[in-house]
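[1] Dropping the sequence and predicted coords here.
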Amino acid sequence: MAKLNQRTLKQYLKNLSREELLDEIGMLFDKFTKVKEYYQTKLGAEDSKAVLEKYKAVIEKEFNPPRGLPKARLSVAKKAISDFKKVSNSPVDLADLMVAYVETGVRFTAQFGDIDEPFYISMESMFEKAVIHITKHKLHDQFEPRCRKIVRDTSNMGWGFHDQLSEIYEEYFGARG
């Protein structure tokens with residue numbers, strides 16, 4: 001069987017009537033959560049916030065589950081961000097989720113003590129990606145207070161974590177005010 005590509009898909013869709021095309025999209029919407037989330041973020045402000053909150057909850061559950069000890073799997077938390085990028089085109093919501101990832105990691109460290117170097121590297125990397133995204137989309141006013149608080153809250157944390165976050169913060173926010 002030949003590998004399916006966009007050209008083949010477009011040819012198939014072109015041959016459908018308007019009604020068949022609507023039915024096809026409706027079936028995808030009902031069958032696949034990611035398709036539903038995509039349209040929720042595209043078509044409704046209320047629904048888009050619910051999608052954002054779902055992905056924030058995935059991150060929160062990794063580091064602060066309602067019961068039991070946290071698993072703190074960075075891969076699961078980062079996958080939540082990656083999956084969210086596929087269903088949302090909102091620069092504000094993506095910045096919110098990336099900053100929430102770092103905030104959650106900082107709270108986790110404050111609660112459980114020093115973690116390991118790979119954990120801090122992941123947090124630093126996400127912080128930098130977040131502030132680059134914030135800068136690119138001119139969202140400083142909306143996110144600078146949260147980023148400043150992240151840096152302040154890490155002042156007594158290990159592995160040079162605070163120093164690295166401070167440098168990133170100063171590079172992107174320092175000249176602004």
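    Received the coordinates, thanks.
[2] Need the contact partners of stretch 67-76.
    With contacts defined as C-beta atoms under 8 Å, 6 or more residues apart in numbering, stretch 67-76 is touched by 58, 62-65, 108, 112, 115, 118-119, 122. Any C-beta I mention is one placed from the backbone N, CA and C, and that applies to glycine too.
[3] 7 Å instead, please
    58, 62-64, 108, 119, 122 (C-beta atoms under 7 Å, 6 or more residues apart in numbering).
[4] before we move on, what about stretch 121-135?
    Under C-beta under 7 Å, 6+ apart, the answer for stretch 121-135 is 74, 91, 94-95, 98-99, 101-102, 105, 140, 143, 147, 150, 161, 164-165, 168, 172.
[5] Pull out the buried residues from those residues.
    74, 94-95, 98-99, 101-102, 105, 140, 143, 147, 150, 161, 164-165, 168, 172 (16 or more other C-beta atoms under 10 Å).
[6] Just give me the residue right at the centre of this protein.
    Ile81 (3.1 Å; C-alpha atoms, centre = their mean).
[7] my guess is that one meets Leu97, correct?
    Yes. Using C-beta atoms under 7 Å, Ile81 is in contact with Leu97, at 5.7 Å.
[8] Could you count how many residues lie near Val58?
    Residues contacting Val58 under the criterion other C-beta atoms under 10 Å number 16.
[9] Repeat that for the one 4 residues further on.
    Residue neighbour count, defined by other C-beta under 10 Å, stands at 23 for Glu62.
[10] so who does it touch?
    With C-beta under 7 Å, 6+ apart, Glu62 has these contacts: 70-73, 76-77.
[11] Please check those and keep the buried ones.
    Applying 16+ other C-beta under 10 Å to the contacts of Glu62 flags 72, 77 as buried.
[12] Of the contacts of Glu62, which is the nearest to Ala50?
    Nearest to Ala50 among the contacts of Glu62 is Ala77, at 19.3 Å by C-beta to C-beta.
[13] Please report how far the closest one lies from Lys136.
    22 Å (C-beta to C-beta, to the nearest Å).
[14] Run through the neighbouring helices and strands of the longest helix along the chain.
    In the chain, taking DSSP state H as the definition, the longest helix is helix 91-112. Where contact means 3 or more C-beta pairs under 7 Å, 6 or more residues apart in numbering; DSSP states H and E, helix 91-112 is packed against helix 45-63, helix 74-87, helix 117-136, helix 140-153.
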